[in-house]
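Colleague: Using only what follows, build the 3D model:
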Amino acid sequence: GAVSTQVRVTLWKDDHLYMNKDGQYLLKLMRPEDQMTVLLSALDELITLKSDKISKLGDVVFFTCINPFNDLSEQAVIRQLRRMDTDDDDDNNNDLLTVSRNCRPILEHKLLRGTLVVIHGDILLESEVPKQCFIQTYNENPNQEHLVDYFECKQCVRNGQPLRWICQSCASVCHKHHGVTPLIFRNKATGPKCDCRKKNCHIYTRN
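Modeller: Got it, this is the predicted structure:
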């Protein structure tokens, strides 16, 4: 069969390039007939290392290819990407090529071995999604079965007792660094219960 070309892959987000566990760009093989979409699986690999997941992959995802003979250090790459954002009419930037997910880069652009493919655009990670208190989640889908993990916080006291029945989102946001302890896991919810609001909840403030 046709020879595959090895490319480097990274995700560009918040002025940071995602690397593999050795702090290197991820390596992927592409066949000549492959579209850029084959590289999307690399995102999961890169994001899982940060204990994150993709919440939404939008329609507008770009693949910017950087010549392998360029300086591929993180700072240099980000500098080039930023410049690309500002100088749309700069013709000197031939080392960067931005294509869409349907492009077959090896056939169409003779992509070189070792090219760095930077994926960016409308990619939302779970860590970026605002956390929701279970009361909000329940009220949005009251007829669905909900299994909830509840926690208690000994630092927040109510009527002389530790505050209990705190949902996971509130435990990780409102009671962060409080040293919360598990109360009950996979509890079958019969209603919108989370007692964090009884002690100034940050996520779901009382009206």
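
Colleague: mind listing what's buried in stretch 141-161?
Modeller: 146, 148, 149, 150, 151, 152, 153, 156 (16 or more other CB atoms under 10 Å). Backbone N, C-alpha and C define where each C-beta goes, glycine included.

Colleague: At the geometric centre of the chain, which residue sits there?
Modeller: Against the mean C-alpha coordinate of the chain, by CA atoms, centre = their mean, the closest residue is residue 125 at 2.6 Å.

Colleague: Would you check that my belief about that residue contacting residue 51 is correct?
Modeller: No: Residue 125 is not in contact with residue 51 according to CB atoms under 8 Å; the separation is 10.5 Å.

Colleague: Could you give the number of residues near residue 116?
Modeller: 19 (other CB atoms under 10 Å).

Colleague: helix or strand for the residue lying closest to residue 99 once chain neighbours are set aside, which one?
Modeller: Nearest residue to residue 99, sequence neighbours excluded (CB to CB, 6 or more residues apart in numbering): residue 63, at 5.3 Å. Under the criterion of DSSP states H and E, residue 63 resides in strand 54-66.

Colleague: The very next helix or strand once past that strand vs strand 54-66, what angle?
Modeller: The helix or strand immediately downstream of strand 54-66 is helix 74-86, counting by DSSP H and E. Relative orientation of helix 74-86 and strand 54-66, computed by axes from the mean of the first three to the mean of the last three CA atoms, to 10 degrees: 90 degrees.

Colleague: where do the strands sit along this protein?
Modeller: 5-13, 16-17, 26-30, 54-66, 96-99, 116-125, 147-158, 161-167, 181-188 (DSSP state E).

Colleague: Right, I'll leave it there.
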